[in-house]
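Participant: structure for this input, please:
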Amino acid sequence: MAVLVIADHDNQHVRDNTHKTVTAALKLSGDVDVLVAGKDAAAAAAHAAKITGVRKVLLAESDALGEGIAEAFQALVVPLMANYDAVLTPATSQGKNLSPRIAAKLDVAQISEITDVVDASTFTRPIYAGNAIQTVQAGAGKKVITVRTTAFKAPEGSGSAPVESVAAAANPGLSEYVKDELDGLKNRVLGKELGLNLYSWDLLWDGAEMIPGGILDAGYPAAGPTALPGTYTFKLTVDCRPTTNTSHAVPLLQYSNR
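Facilitator: This next block holds a predicted model:
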C-alpha cells in the first residue's frame, strides 16, 4: 500500500502540519511520498525530503499550482493516484478544498479529519464539535483523507529522500486567481463595479441586524436604506469583547462609491 501526502507549504518550507500528516500516513504504510505542488517550490521540496519516513518527494510546478487553484491540483493528483492507494492532506482550508474534488473524481467517499489510524481501512474522527469520537471504516477503493494534525506528532529525526519532478497537468480553467486585483482595491470598492443597488443595500442592512453586535456605519440620509444618496460609504462591523473590560469594533465589510 503506497500513500501520497499533499504538502502544505510556502514554496520555501513545508509547514509543520505536513510533517504531522506524514506521521498519519506512516501508520497506513511504510511507502509514503510527498507531493509539493506550487511555483518556484524547489526549496520546499528539499525541505520535505528531510522528513523522516518519506520515500520520495514529487515536485510539480505551474502558475496555477502556485496560485492554489483547486482544479489544477485535482488535475495533477487524480492521474498520480494510479500509483497510490491513499492520499492524505492536512485538514486546512486548502486541504478541505482539494480533497472533495479528488474524491469525487475517484468516485469514493472522503474521510474527514481523522485523529487516528486503527488499520488500513479504519479511522477515528471527532463528531459533535469534538465531544465524541467516531470510528469509521472505509469501503473498497482509493482513500482520500484529511488529517486533524493536532492529533499527531511530527516524525523525529531527519531523512534524505530523493526529489523527482513531475509534469503539472493543464489548468482546466474553471476558476482563476484574483487576489492581486482585490488587493489593489485596498478595501474600497466602487459601487458601479459592484453593481450595487437598493436590493444589495437591503441585504447588507439585514445582515447587520442578523449579526450580534453588528453595526452598519453608513453615510446615508435619515431615510435609511430605502433611498440611496448620490454618494455613500458604509461599513459592517462586529463589536468584539475579548474581555469584560475591553471592546473594539472589527470591520467585516466596507464599500464606497466615492
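
Participant: alpha carbons only for contacts and neighbour counts from here, please
Facilitator: Fine.

Participant: just checking, what packs against the helix or strand harbouring residue 112?
Facilitator: If you go by DSSP states H and E, residue 112 is part of strand 110-114. Judged by 3 or more Cα pairs under 8 Å, 6 or more residues apart in numbering; DSSP states H and E, strand 110-114 is in contact with helix 93-106, strand 122-127, strand 143-147.

Participant: tell me the helix or strand right after the second one.
Facilitator: Read that as strand 122-127. Heading C-terminal from strand 122-127 (DSSP H and E), you reach strand 132-137.

Participant: now do the last one
Facilitator: Per DSSP H and E, the first helix or strand lying C-terminal to strand 143-147 is strand 163-165.

Participant: what about that next one, average pLDDT?
Facilitator: Mean pLDDT, computed over strand 163-165, is 96.

Participant: okay, now residue 18: neighbour count?
Facilitator: Counted with other Cα atoms under 10 Å, the neighbours of residue 18 add up to 24.

Participant: OK, contacts around it?
Facilitator: 5-8, 89-90 (Cα atoms under 8 Å, 6 or more residues apart in numbering).

Participant: try it again at 10 Å.
Facilitator: Residue 18 is in contact with 5-9, 24, 34, 48, 51, 88-90, 147, 149, 154, counting by Cα atoms under 10 Å, 6 or more residues apart in numbering.

Participant: per-residue confidence for residue 107?
Facilitator: On the pLDDT scale, residue 107 gets 94.

Participant: could you measure from it over to residue 158?
Facilitator: 36 Å (Cα to Cα, to the nearest Å).

Participant: circling back: quick one: the strand holding residue 112 to strand 122-127, angle?
Facilitator: Angle of strand 110-114 versus strand 122-127, following axes from the mean of the first three to the mean of the last three Cα atoms, to 10 degrees, is 70 degrees.

Participant: send me strand 110-114 as PDB with only the CA atoms.
Facilitator: What follows is strand 110-114, C-alpha atoms only, in PDB (Å, rounded to 0.1, in the frame of the first residue of the first chain):
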ATOM      1  CA  GLN A 110     -13.900  11.300   1.600                       C
ATOM      2  CA  ILE A 111     -12.800  10.500   5.100                       C
ATOM      3  CA  SER A 112     -12.600  13.800   7.000                       C
ATOM      4  CA  GLU A 113     -10.300  15.000   9.900                       C
ATOM      5  CA  ILE A 114      -9.000  11.700  11.200                       C
END
